[in-house]
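S.K.: build the 3D model from these lines:
(2 chains)
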Amino acid sequence: MAETLNAAQQPPLGQAGERAERLWTRSMIALMVVLLGVIVFTSAHWGLHPPSRVETIDSTSLHQGGEFSEANLGTLIAPDGSAVVRVVAQQYAFMPSCVLVPTGVPITMRLASADVVHGFLVQGTNVNAMVVPGYVTTVRTTFSEPGERLMPCHEFCGVGHQAMWAHVRVVNGAQFPFEDAKAKAVSCAG
Amino acid sequence: MLASRRLVLAHFWLAFATFAGSIVLGAWQMWARSPLHEGPVDAELYYRSVTAHGTALAYVFPTLIAMGFGYAVCVSALDRTLRGERFAWAGFVIVLVGALMSLLAVAAGNSSVLYTFYPPLTGSPFYYLGIVLAVVGSWFWAALMVYNMRAWKQEHPGERVPLVVFGTVANALLWVWTSVGAAVELLLLILPLAFGWSATIDAGLSRTLFSWTLHAIVYFWLLPAYVAFYTLVPRAAGGRLYSDRMGRVAFVAFLVLAMPIGIHHLFADPHIGAGFKFLHTVFTAGVAIPTLLTVGGLTVSLEIAGRLRGGRGMFGWIRVLPWDRPIMLATGLSLVMLGLGGAGGLINMSYTLDQTIHNTQWITGHFHLIFAGSVVIMYFAIAYELWPHLTGHPLRSAKLACLQLWLWFIGMLVVTLPWHVVGLMGQPRRMAYYDWSDPGLVGQGPLVSASALGGFVLLLSAVLLIVILARSQSGEKVETGELKYARALDDAAPLPRALNSLGVWAGLMIALTVVNYGFPIAQSFFLQHNNVPAQAVSRAP
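M.R.: Numbers count the residues shown, from 1 in each chain, chains lettered A, B, ... in the order given. Okay, here's the model as predicted:
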C-alpha cells in the first residue's frame, strides 16, 4: 500500500517523468489544434455557418403587415430563381404548418417568433436553429431528396410545446408551382 | 472522526434526499413519454416534473455535495477545525430555504418554466427567488473556503497548499463568478418581469447571461470529482499521485478557461454574431485540455499503483487494481462514461457539427452521461469514502456499494446511448409525448422504450444508495483514523509560486469573461425591437 512505498520501489520521476509529462501535454494541445483545424476547414470549404445575423424585428406586430404578414408566409420564388421561405412560430404552431419546397433550389428560410423562444429543425437535414422573439433567424439550405419531413419545435415554449410540429414537403422541381410562387407565397397547409 | 462532521453530514444527507426524490421524477418522466405509457400523459404535470427534476439536480444537489466535500477537505487537510462554522450553518439553512421555496412554487403548478427559465415565459416570483437564495447560501461556502485557505497560508508562510484544498478553492472561485450570470439574469431581468415591475425583456440578452452560467456550472459540478481523482483515488489504489504540479495546472486551467466558452450553447441562436460563436469554439477546445491532462495523470498514477501491486505487462497492472473498493470501481466506470461523453462534447462544441444535433435528445443524452454518469458516480464514491469518517461506523457494505455503482453505470448507459441515437434521428427534447404512430417517428419508439427501462435501473440504484448510507449510520464502531490524501511523487520538488495561489488566475478568468462576453451583452443596449412582452407560463394553451 501507499504507506509502504520505499526508495527502491519509487518509480523514476526526475527528467524522464518530466519529459513524459511534457510529451502528453503537447500531444493533447496538438490534438485540439487539429480538431479546430478540421472545424475551420469544413466551415470554410462548405460555407457552413450557424444563423448569426443579429437582425431584430418587432415581435408584437408581425401580423400587422411587413415581411411576416399572413400573405407572405410560405415559399416565394425570388427573381434570381432562389426560394425564400417565411415562417412564423407561435404557441403552439408554425405558420404555415406545411412548408412546400422544390429540390435543387437554394433556399433561404426566415423565421420570426410572435411570443416566446421556439426552435426548429428539419429531420434528416442540418437545418436546425433557434427562433428568439425580437430577432429574425435566417438559415440557408438546399434540399436534394424529395420527401415528407417533420419539422418540430425543439425548444420548450410552454405547456403545449409537444403539439408544435410542422411538415416540410420537398417535391421534384417539375411538381413545384414555380409560376404561382413568383406572385404569392405558396405552402401545403390545408 | 472528522471535525464539523455534523455539518458535512447535513449537507450530504440533504443532497442525497433531494437527489433520490428527483430520480423518482426522472424515472416517471422517461416512462410517461415512452411508448410503454398508454395514451398521452398530462403535459402540464410532465413539465412541472421536468422543472423540479432540473432545478433540484442542477442548483441544489451538486451544490450541496461541493459544499459538504469542501468542508470535509478543509477540516482534514488544513487546520483541524473549520473557521466560521456558524456562517457555514447559516449558508446551509439559506440553501435549504431557497430549495424549499423553489420546489414548492414548482409543485403549485405555476412555475413550469424548466430550470433554464426561458424568458419571456414567466413563472411565480417565488420560484426564481428560491434559486437566488440557494445560490446566495452557496456563496457563504465559497467565502469560507477562500477564508480558510488564506488563514492557513498566513500561518504557514512558504508552505505549499495541499492540492486537495487548492482544487476545492479554485472551484469555489469559479462558482462565485459563473453564478453571477444567472444571478444578474434573475435579479435584473426576470424577477422584475415576474413581479410585473417591467413589461418587456430582451430574450436574447437573457440567453446570453444564462450561457455565462450554463457552461461553467458544469465544471463546478465536475471539479469535486476531479479533486477526488487527484487526491483520493491514487491512495485508494495503493499508489501515489504521479504529478501534483500537473493537478494544479489542470485546476487553474479550468478556472481560467471554463468561463469564456458558454456561447457554444448559443450556436443556433440568431442574436449572436458568427465571430463570437467561433471564438467560443476555440476556447471550448482549450478547456478540453485540462480534462485530457487529468485523464493522463490519473492513468499514470493508477499504473504506478498497479505495478506496485505486482501487475506486469502492458495492461496487467489494470487487473490487479483494488476493484472491490467502491472509489476504485467508481473511477473506472466514471472514466468510461467520461470518454464517451467527452467525445460527444467535442461534437457539441464544434461550430459546424453542432447543427446536426443542436437541441435534440442527443444533448440530453450528452449531459446525462457526463454529469449524471461520470460525475455523480464519483459523488457516490466520495460519500462512501467519507462516510466512516463522518459516522464512526464502517460502510455496510463495500460489496453492496459496488453493486449500487454497477447498477448506476449500466442504467446510465441504457438511458443515454439510445438518446444519442434518437437525437441523431432528429428527436426534439423536452416533449411530454410523441405521436408514435407518425411515419416520421418510426424506429424511435423502441429506442425510447429501452431507455425508459434504464430509468428504472437508475431508480433502483438510487434506492440502494440511500439504504447503504442509512445502514452505515449505526451498528458496530470503527476507528477510522485521519482522512488522508494521496502523496505525490513530486511532493518535494520546488513549486512555482503561481501554482500555490489563485489570485492571478481568478483575475485572468474575469478578464477573459469580459473580452468574450462584453460585446454580446452590450449589444442589447443599442439594438431596437429586441425587448418583448412577458408570457405567463400558467396561461392555458
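S.K.: all contacts plus neighbour counts: C-alpha atoms, from now on.
M.R.: Will do.
S.K.: ok, and what's touching whatever helix or strand B:Ile377 lives in?
M.R.: B:Ile377 belongs to helix B:376-391 when elements are defined using DSSP states H and E. Helix B:376-391 is touched from outside by B:1-2, B:5-6, B:8-9, B:12, B:65, B:69, B:224-225, B:228, B:326-327, B:330-331, B:334, B:393-395, B:401, B:405, B:408-409, B:465, B:469, B:472-474, B:478, B:480-483, with contacts defined as CA atoms under 8 Å, 6 or more residues apart in numbering or on different chains.
S.K.: hey, where'd the helices end up in chain A?
M.R.: Secondary structure of chain A (DSSP state H): helices located at A:14-46, A:178-183.
S.K.: wait, I meant the stretch 401-541 of chain B
M.R.: In the stretch 401-541 of chain B, helices defined by DSSP state H, counting those that start in this stretch lie at B:445-471, B:503-522, listed in chain order.
S.K.: hmm, what's the outermost residue in chain B?
M.R.: For chain B, the residue at maximal distance from the C-alpha centroid (CA atoms, centre = their mean) is B:Pro439, at 37.5 Å.
S.K.: local confidence estimate at it?
M.R.: According to the predicted model, the pLDDT of B:Pro439 comes to 90.
S.K.: next: A:Met1.
M.R.: According to the model's per-residue confidence, A:Met1 sits at a pLDDT of 37.
S.K.: which residues of the stretch 151-300 of chain B lie near chain A?
M.R.: The stretch 151-300 of chain B has residues B:202-204, B:235, B:237-240, B:267-274, B:282, B:285-286, B:288-289, B:292-293, B:296 near chain A, with proximity defined as CA under 8 Å from any CA of the partner chain.
S.K.: just the ones of these in helices?
M.R.: When DSSP H defines the helices, the subset of these inside them is B:Ala203, B:Gly204, B:Arg235, B:Ala274, B:Val282, B:Ala285, B:Gly286, B:Ala288, B:Ile289, B:Leu292, B:Leu293, B:Gly296.
S.K.: columns neighbour count and pLDDT on top of the residues you listed, output as a markdown table?
M.R.: As requested, these are arranged in a markdown table below (neighbours: other CA atoms under 10 Å in any protein chain shown; pLDDT from 0 to 100):
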| residue | neighbour count | pLDDT |
| --- | --- | --- |
| B:Ala203 | 28 | 97 |
| B:Gly204 | 28 | 97 |
| B:Arg235 | 24 | 95 |
| B:Ala274 | 17 | 94 |
| B:Val282 | 21 | 96 |
| B:Ala285 | 21 | 95 |
| B:Gly286 | 21 | 95 |
| B:Ala288 | 20 | 95 |
| B:Ile289 | 23 | 95 |
| B:Leu292 | 19 | 95 |
| B:Leu293 | 21 | 95 |
| B:Gly296 | 17 | 93 |
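S.K.: what's the farthest-apart pair in these?
M.R.: Looking at these by CA to CA, the two members farthest from one another are B:Ala203 and B:Arg235, with 48.8 Å of separation.
S.K.: how about the contacts made by residue 95?
M.R.: The chain I'm using is chain A. Listed by CA under 8 Å, 6+ apart, the contact set of A:Met95 reads A:Leu73, A:Gly74, A:Val87, A:Val88, A:Ala89.
S.K.: let's do chain B instead
M.R.: For B:Val95, the residues meeting the contact criterion (CA under 8 Å, 6+ apart) are B:Val60, B:Leu133, B:Ala134, B:Val135, B:Val136, B:Gly137, B:Ser138.
S.K.: let's see it at 6 Å
M.R.: B:Ala134, B:Gly137 (CA atoms under 6 Å, 6 or more residues apart in numbering or on different chains).
S.K.: model confidence score at the spatially most central residue of chain A, please.
M.R.: By CA atoms, centre = their mean, chain A has its centre lying nearest to A:Asn128, at 2.3 Å. Per-residue confidence at A:Asn128 stands at 97 (pLDDT).
S.K.: residues contacting it?
M.R.: With CA under 6 Å, 6+ apart, A:Asn128 has these contacts: A:Phe120, A:Leu121, B:Gln355.
S.K.: how close does it sit to A:Val139?
M.R.: According to CA to CA, to the nearest Å, A:Asn128 and A:Val139 sit 8 Å apart.
S.K.: same check on B:Leu333?
M.R.: As judged by CA to CA, B:Leu333 and A:Val139 stand 41 Å apart.
S.K.: repeat for B:Tyr127
M.R.: Following CA to CA, the distance that separates B:Tyr127 from A:Val139 is 36 Å.
S.K.: the two: who's more crowded?
M.R.: Taking other CA atoms under 10 Å in any protein chain shown, B:Tyr127 and A:Val139 do not tie; B:Tyr127 has more neighbours (29 against 22).
S.K.: name the nearest residue to B:Gly91, sequence neighbours excluded.
M.R.: Distances taken as CA to CA, 6 or more residues apart in numbering or on different chains place B:Gly137 nearest to B:Gly91, at 4.2 Å, with adjacent residues excluded.
S.K.: next, the buried residues of the helix or strand harbouring that neighbour.
M.R.: Assessed by DSSP H and E, B:Gly137 sits inside helix B:125-155. If you call a residue buried by 16 or more other CA atoms under 10 Å in any protein chain shown, then helix B:125-155 has these buried ones: B:125-146, B:148-149, B:153.
S.K.: same deal with stretch A:35-50?
M.R.: Using 16+ other CA under 10 Å as the test for burial, stretch A:35-50 gives A:Leu36, A:Ile39, A:Val40, A:Ser43, A:Leu48, A:His49, A:Pro50.
S.K.: drop anything exposed from the contacts of helix B:376-391.
M.R.: Of all the contacts of helix B:376-391 considered here, the ones buried according to neighbour count by 16+ other CA under 10 Å are B:1-2, B:5, B:8-9, B:12, B:65, B:69, B:224-225, B:228, B:326-327, B:330-331, B:334, B:393-395, B:401, B:405, B:408-409, B:465, B:469, B:472-473, B:483.
S.K.: in strands only, show me those.
M.R.: Among the buried ones among the contacts of helix B:376-391, no member falls in strands (DSSP state E).
S.K.: poorly predicted segments of the chain, please.
M.R.: Let's take chain A. For chain A, applying pLDDT under 70 flags the ranges A:1-14.
S.K.: nope, chain B please
M.R.: Flagging of chain B using pLDDT under 70 yields the residue ranges B:539-541.
S.K.: if we can go back for a sec, now do the contacts for the residue nearest to B:Gly91.
M.R.: Applying CA under 6 Å, 6+ apart, we find B:Gly137 in contact with B:Gly91, B:Ile94, B:Val95.
S.K.: closest to chain A out of the residues you listed?
M.R.: The closest of the contacts of B:Gly137 to chain A turns out to be B:Val95 (CA to the nearest CA; 27.2 Å).
S.K.: which helix or strand contains the closest one?
M.R.: helix B:85-108.
S.K.: could you check the angle helix B:125-155 makes with that helix?
M.R.: What separates the directions of helix B:85-108 and helix B:125-155 is an angle of 160 degrees, with axes from the mean of the first three to the mean of the last three CA atoms, to 10 degrees.
S.K.: how far is helix B:85-108 from where the chain is centred?
M.R.: In terms of CA atoms, centre = their mean, to the nearest Å, the centre of helix B:85-108 is set 19 Å apart from its chain centre.
S.K.: stretch B:4-14 now?
M.R.: The mean C-alpha position of stretch B:4-14 is separated from the chain mean by 19 Å, CA atoms, centre = their mean.
S.K.: kindly report the same for stretch B:435-454.
M.R.: Relative to the centre of its chain, stretch B:435-454 is centred 29 Å away, using CA atoms, centre = their mean.
S.K.: and it, end to end?
M.R.: Criterion CA to CA; first-to-last residue distance in stretch B:435-454 is 22 Å.
S.K.: also stretch B:424-437?
M.R.: With CA to CA as the measure, stretch B:424-437 spans 19 Å from end to end.
S.K.: what lies in contact with that stretch?
M.R.: Counting contacts by CA under 6 Å, 6+ apart, the residues outside stretch B:424-437 that touch it are A:Gln123, A:His154, A:Gln162, B:Arg33, B:Pro40, B:Ala43, B:Tyr46, B:Thr360, B:Gln361.
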